[in-house]
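1. structure for this input, please:
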Amino acid sequence: MAPTPGDSASEEARAAAPVHDDDETKECKESLDVEPHSPAPVEAPAVGEPLPKTALPRGGYAVETSVGPIQVGMPPETIKDSMSLGLPIPRHFVLPSERFVKALGPDMGINVAEFEFPAYCNFFFHRRTVNLIVKDAETEASIRAVLQETLFGPAELDIRQDYDDSVPDADLPNLGAELAFFRKFGDKRIEIDMLVSFTHFEENNVARIEDNGKVVEVHRDGDEFKIIDGARSVSVPDAIVGSALTEQQRSTEPFQPPLFGVTVLGNSHGFDPVGRTTGYIVWINKRGIMIDPPPSSHEVLEAYMISPKLITGIIVTHCHADHDAGTFQRILQENKVTLYTTATIHGSFLRKYSALSGLNADLLQESYQFKAMTLGRPLNIRGAMFKCFYSLHSIPCLAFEIAFQGKRMVFSADHMNDVENINSLHAEGVLTDARREQLLAFPWDCDVIFHEAGVPPIHTPMATLVNLPDDVKERLYVVHVGAKSIPEGSGLKPAPVGVENTINIVTNLSEFSRALEIMEILGSVDIFESLSVGHARDLLNFVKDITFQQGQPVMVKGEPGNDMMIIMSGLAEVIIRKAGGEIEFTKTFSMGDYFGEQALMQPKSMRSADIVAKTKLEVLRIERTDFMWLLRGTPVMDRIKQTVLAREAHTWTLIDLNTTLKFLTASQRTHFERCVTNTDVEQGDILWSAGSEHSAAVLVDTAEVEYEGPARQDTPFTRGTWVCEVDNCVHGRPAENALKVTKSGRVLLLSQSNVIHLLMRNPGLYLALLNRLWAE
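-> Model prediction:
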C-alpha cells in the first residue's frame, strides 16, 4: 500500500522542522516575497451545497474540502496562483490522466502535472509531505523517477563524458560528494518519501484521502473527477489545459535583435507570485539561444513579434522545474531546435521528460537536435566562444561564459558562489583542490554578469553580492530573486525584464554580418533545403533588399509578376478575393515565409492575390530570370512547382477545417503544402491495403474515404480529415487497415517520405498525431 497522509513519511517531514533556526526560516520566507499561507480545514457549509472550487489562472482547480484544499491539475507555477489569490497552499493534488498537453496550439507541451514546486513548498516551508493522488503504481513509479533526477541528480554519475580529453582526471570535480552534501537536511538525509506520499485510485476508480480524522473521496468519472466530502460534492474536468499569464503589452513592430546582447524573460524564482521565473534569450549574430525558457515563453515571443525562426537553440542549465519546464514546450512549438547542455544533464532531461510524458526516450530525442557542451574546452556557437563549467548546486548545473568580438558575459546559473562556504566545503573534503580553485576563479571581470542569489546552501547569499566591489556591481544583474530581496542602497540591481529592455552589448559590426543574416533566412526556407554552397553563394549575389512601410501594397492581384519575395522581417497579409471582389479569406506571412513563387514557374503570370505590408516589411526579392539561370534543373524547381499546385488546391482552407491542423503556423502550412500532391480518386479505389506497407497519408478534399478493418467507422471521412496510421507509416510497418474511396473526388496525398519529412521537421505535429488513426 502506498503511504498516505499522516503516516510516518509525513511525521518524518514534520520532525525535520527544527533543523533551521528562526532567522534562516525568516530569510527563506522573505525570498518568497510573501508569507506562505498555512492550510486549515474548511468549515462545512450547509449540507447539499456544492464544494467551492476556484479556477486557477495558470490552469487547474482548487477545491475547498474538510481535509484542506485539493488541487486538480498542476500546470507550472500554480503555487504562485494560490499565493496571489490568497488561497491556502494545497497539500493534496490530483494528477490528470494526461500529464502534459498534446494538442497543437499555444499550450502544447505544458506539463500539467508539475509536482516539484508543490512538493518543495510543502516540505521546506510547511514541513510536511505533499500527497499526490495518482492512477496507479506505474504512475507513482514514473513520478519517483522524475523526483530522483530533480532532487538528487542522476543515480549514476559519469562526468568524465562531460569533459574534454585534455582535462586530467585529477582536475575533475567529485560531483557525487557535492550532491551528497546538498542532500543533507540538518542531521537527516533527504529521501523522496520525506517530500511525497501517494494515494492510488482503487479498481472502482475511487481514491480516499484521509487527513486529521476526515475522509474525502475522489471519483474518476469519465472525463471528470468528482470530489465528495460527506453530503457535498463538485466535479472538475480531467483534461487540464495550462494557461500562461502574459500581461505585457503587445508590440506593433517586429523585434530587431542586437548583434550581441540579452533579453531577460524573467528574473525571479518559482515562488514569487508577482515576478517571472528567470530565463533569457542571448543574441549572437542577430539570432537567439534561449536559456532556461520559462513556461509559455513562446507567448511572450509572439506578443513581442519575435519570430520562432530567430530562435536557433536552447540551453538547459539543469533539471529543476523552474529551469526546464519551458524547454519541453519550446521544443514542440514549430521547427526542430538544437538543445545544448552537457551529456549528464541531457540524460537527466531525457529520463525526466520521458517519465513525465510517457514517451519513449528515443522518440523524445527525435524531436530536437542535441549538441553536447564540453567542459574544459571553448566551444564555438554561432561565432561566439563558450566556456562552460559546473556550478555548485544540488544537482548537476551548467554555468558558462560567452565571448564575442572582444566582449564577454557570464551566466552563473543556480550557484552557491560564496567564498566562505566554498572554503568550508573544501575543508570538509567535499571539494577537491582543483574544484575549489575553479569555483574561486569566477569571471567577475566580464563586461556583463548575470548572477543568481537566494537561500543558502544551494544559492548564493545576497550578502555575498552586496559585498562585491562597486565596479563589479555596476556590471552585475541579479536574478532568481524577488525585487524585495535586493537591499536598497546596496548598489545591486535586478536584471531588466522584457524585450523593450533588451541589453545591447555594443560590438563592431562585421563586414559579413549582413551576408550571414541573408544566408540564415535563405537556409530557413524549406524550398532551399540541401542547396549546395555554390548555389547559395550565387543566390546571395542575386537577391535584392526591398522595404515596404505598413499598409503599402506589395503585390496586387491581376498585375503581371516576374519575381518571388522572401520575408526578412515583418508581417505581410495575403488577401484572397472572390470573383465579385469580396474577401474570401486572409492569411499572414512572417519571417522566412515566401510568396510570388508562381511567377518563377510561369512566364507572364498574373498575381493571384493582394499582398499588403501588415507592419514595416523587409523582403528579399529574386527575379525570375536570375532564378531560372541559377536553379534550373535543381530540386528547388520541383519544390516550388509542388507549392504552387498545393496553393491552387486551397490547401490552407482544408487545413482550417481540421481541428488539429488548424493550429499550424504559416511557415508550417507552407511546408505542409510542399509535401502534398493533389490527386483525383475514383469510388472503389484502395489507397492502401491492410498488411501492405503503409506508404501514404491523406488529407481529404472533395472525395470521401473510409477504413476497412479494425478501425472501420459508421460514417466516411469527409473534407478536411487527416487519415494515416502515423506510427506504422513513420516506421515502415504494414497498415492494419485498408483505406477505400467511397465517393469520387479529390484528396491531397502525402508519400511516406513526405510524411516522415513533415513530422520530423515539426515535432509538435508528430506528437499531436501520434497513436491516432485520423484527425478531423
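
2. list the contacts of the residue of the chain most remote from its centre.
-> Going by Cα atoms, centre = their mean, the residue of the chain most distant from its centre is Lys604, 45.4 Å out. By Cβ atoms under 8 Å, 6 or more residues apart in numbering, Lys604 lies in contact with Pro560. C-beta coordinates here come from the backbone N, C-alpha and C atoms, glycine included.

3. can you list the strands that the host helix or strand of Val215 pairs with?
-> If you go by DSSP states H and E, Val215 is part of strand 214-221. Sheet pairing of strand 214-221 (DSSP bridges) gives strand 206-211 (antiparallel), strand 224-229 (antiparallel).

4. could I get those as JSON lines with mean neighbour count, mean pLDDT and distance to Gly73?
-> Below are the strands paired with strand 214-221 laid out as JSON lines (neighbours: other Cβ atoms under 10 Å; pLDDT from 0 to 100; distance: least, Cβ to Cβ, whole Å):
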{"stretch": "strand 206-211", "mean neighbour count": "18", "mean pLDDT": "94", "distance to Gly73": "15"}
{"stretch": "strand 224-229", "mean neighbour count": "20", "mean pLDDT": "95", "distance to Gly73": "9"}
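
5. what would these look like in a markdown table with distance to Asn360?
-> As requested, those are arranged in a markdown table below (distance: least, Cβ to Cβ, whole Å):
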| stretch | distance to Asn360 |
| --- | --- |
| strand 206-211 | 28 |
| strand 224-229 | 28 |
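
6. looking at those strands, which is nearest to Ile395?
-> Closest to Ile395 of these, according to Cβ to Cβ: strand 206-211, at 30.9 Å.

7. distance from that closest one to the middle of the chain?
-> 34 Å (Cα atoms, centre = their mean, to the nearest Å).

8. and Thr139, that one's in a strand?
-> No - counting by DSSP: H, G, I helix; E, B strand; the rest coil, one finds Thr139 to be helix, located in no strand.

9. what's around it, how many residues?
-> When neighbours are defined as other Cβ atoms under 10 Å, Thr139 has 21 of them.

10. same question, Tyr594
-> Neighbour count of Tyr594, defined by other Cβ under 10 Å: 23.

11. that one is in contact with Ile567, isn't it?
-> Yes - at 7.2 Å, Tyr594 counts as touching Ile567 under the criterion of Cβ atoms under 8 Å.

12. show me the shaky parts of the stretch 551-700 of the chain.
-> Across the stretch 551-700 of the chain, the ranges flagged by pLDDT under 70 are 646-649.

13. quick one: the strands in it, in order.
-> Secondary structure of the stretch 551-700 of the chain, counting by DSSP state E, counting those that start in this stretch: strands at 553-555, 563-569, 572-577, 583-589, 594-595, 610-613, 617-623, 677-681, 686-688, 696-700.

14. deepest-packed of those strands, please.
-> Greatest average neighbour count among the strands of the stretch 551-700 of the chain goes to strand 696-700 (a mean of 26), per mean count of other Cβ atoms under 10 Å.

15. closest one to Phe589 among the strands paired with strand 214-221?
-> Of all the strands paired with strand 214-221, strand 224-229 comes closest under Cβ to Cβ, at 41.5 Å.

16. give me the contact list for that closest one.
-> 44, 51, 63, 65-67, 70, 72, 94, 216-219, 233-238.

17. show only the entries of those found in helices.
-> The members of the contacts of strand 224-229 all map outside helices under DSSP state H.

18. are any of those buried, and which?
-> Among these, those classed as buried by 16 or more other Cβ atoms under 10 Å are 51, 63, 65-67, 70, 72, 94, 216, 218-219, 233-236, 238.

19. tell me the two of the residues you listed that are most distant?
-> Ser66 and Asp238 (22.8 Å).

20. any stretches of this protein with poor pLDDT?
-> Using pLDDT under 70, the chain drops low at 1-48, 242-249, 334, 509-511, 530, 646-649.

21. circling back to that earlier point, take the contacts of strand 224-229 and keep only those in strands.
-> Counting by DSSP state E, the part of the contacts of strand 224-229 found in strands is 63, 70, 72, 94, 216-219, 233-237.

22. need these in TSV with distance to Leu769, can you?
-> Output for the ones in strands among the contacts of strand 224-229, formatted as TSV (distance: Cβ to Cβ, whole Å):
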residue	distance to Leu769
Val63	34
Ile70	34
Val72	28
Val94	28
Val216	39
Glu217	37
Val218	32
His219	32
Ser233	37
Val234	35
Ser235	30
Val236	28
Pro237	23
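
23. now do the helices in the stretch 201-350 of the chain.
-> 297-303, 321-331, 343-357 (DSSP state H, counting those that start in this stretch).

24. what sits against the residue nearest to His415 when sequence neighbours are not counted?
-> Of all residues not flanking His415 in the chain, Ser391 sits nearest, at 3.6 Å (Cβ to Cβ, 6 or more residues apart in numbering). Neighbour list for Ser391: Cys397, Leu398, Ala399, Ser412, Ala413, Asp414, His415, Met416, Asn417 [criterion: Cβ under 8 Å, 6+ apart].

25. quickly find the element holding the fifth one.
-> Per DSSP H and E: Ala413 is located in neither a helix nor a strand.

26. hmm, who's touching stretch 413-429?
-> For stretch 413-429, contacts defined as Cβ under 8 Å, 6+ apart pick out 177-178, 181, 292, 317-318, 320, 323, 391-393, 397-400, 431-433, 435-436, 439-440, 442, 451-452, 454, 456-461, 464, 480.

27. for the stretch 651-776 of the chain, which segments count as helices?
-> In the stretch 651-776 of the chain, the helices defined using DSSP H, counting those that start in this stretch lie at 651-657, 666-675, 726-730, 752-761, 763-769.

28. could you redo these as CSV and give each row mean neighbour count?
-> Listed next are the helices of the stretch 651-776 of the chain as CSV, based on neighbours: other Cβ atoms under 10 Å:
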stretch, mean neighbour count
helix 651-657, 19
helix 666-675, 23
helix 726-730, 20
helix 752-761, 18
helix 763-769, 24
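
29. so which of those helices gets nearest Ser524?
-> Nearest of the helices of the stretch 651-776 of the chain to Ser524, taken as Cβ to Cβ: helix 666-675 at 8.4 Å.

30. one step back: for the helices of the stretch 651-776 of the chain, which one sits closest to Asp171?
-> helix 763-769 (38.0 Å).

31. how near is Ser166 to Thr341?
-> In this view, Ser166 and Thr341 are 21 Å apart by Cβ to Cβ, to the nearest Å.

32. more neighbours: which of these two?
-> Taking neighbours as other Cβ under 10 Å, Ser166 and Thr341 compare with Thr341 leading, 26 against 8.
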